[in-house]
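J.: need a 3D model of the sequence below.
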Amino acid sequence: MKYLCLVYLDKEHWNACRDADCAEYAQQLADSQRMLAAEPLHPVETATTVRVRNGQVALYDGPFAETKEQLAGFYLVDAADLNEAIRIASGIPPAKYGSVEVRPVRQLEV
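T.: Take a look at the predicted model:
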């Protein structure tokens, strides 16, 4: 099953984890054939939020909600179950400085 591990960091810890550490962990997951995708994100100040209401598109600078921790990146992994996904998430290096939200990915029903 696919799980999305969303990495959240506050501004103070945004660069606390070296890119090389994240790349090394991602490579370990790739070598074990559990990695589907992983990418870091630029800081929240570079974000644009899009809303469509009554057919009208509105753009806003920055994130939709003000929060202490901000989305810093993600790992999309293939895990047998939630317990394995949690084990994978606990190894993501930025988890030492922020948090990692683990969510199962669902298929669209068409």
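
J.: which strand or helix spans the nearest residue to L6 once chain neighbours are set aside?
T.: Once flanking residues are discounted, L6 sits nearest to E101: 4.3 Å by C-beta to C-beta, 6 or more residues apart in numbering. Heads up, the C-betas are built off the backbone N, CA and C, glycines and all. Assessed by DSSP states H and E, E101 sits inside strand 99-104.

J.: likewise F74?
T.: Under the criterion of DSSP H and E, F74 resides in strand 70-78.

J.: now do that strand: which elements does it pack against?
T.: Helices and strands touching strand 70-78, by 3 or more C-beta pairs under 8 Å, 6 or more residues apart in numbering; DSSP states H and E, are strand 2-9, helix 19-31, strand 35-40, helix 82-91.

J.: how much space separates the residue of the chain most remote from its centre from D61?
T.: Going by C-alpha atoms, centre = their mean, the residue of the chain most distant from its centre is N54, 30.2 Å out. Separation of N54 from D61 (C-beta to C-beta, to the nearest Å) stands at 22 Å.

J.: gap between the residue nearest to V105 when sequence neighbours are not counted and A85?
T.: Excluding the flanking residues, the one nearest V105 by C-beta to C-beta, 6+ apart is K2, at 3.9 Å. To A85, K2 is 9 Å away according to C-beta to C-beta.

J.: give me the common contacts of the two.
T.: 77, 79, 104 (C-beta atoms under 8 Å, 6 or more residues apart in numbering).

J.: most neighbours, which of these?
T.: V77 (25 neighbours; other C-beta atoms under 10 Å).

J.: got a list of what it touches?
T.: 2-3, 5, 29, 34-36, 85, 88.

J.: buried ones among these?
T.: Buried members of the contacts of V77, counted by 16 or more other C-beta atoms under 10 Å: 3, 5, 29, 34-35, 85, 88.

J.: I'd like these as CSV, with pLDDT and distance to D19 appended.
T.: As requested, the buried ones among the contacts of V77 are exported to CSV (pLDDT from 0 to 100; distance: C-beta to C-beta, whole Å):
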residue, pLDDT, distance to D19
Y3, 97, 23
C5, 97, 17
L29, 97, 16
R34, 96, 20
M35, 95, 16
A85, 97, 23
I88, 97, 19
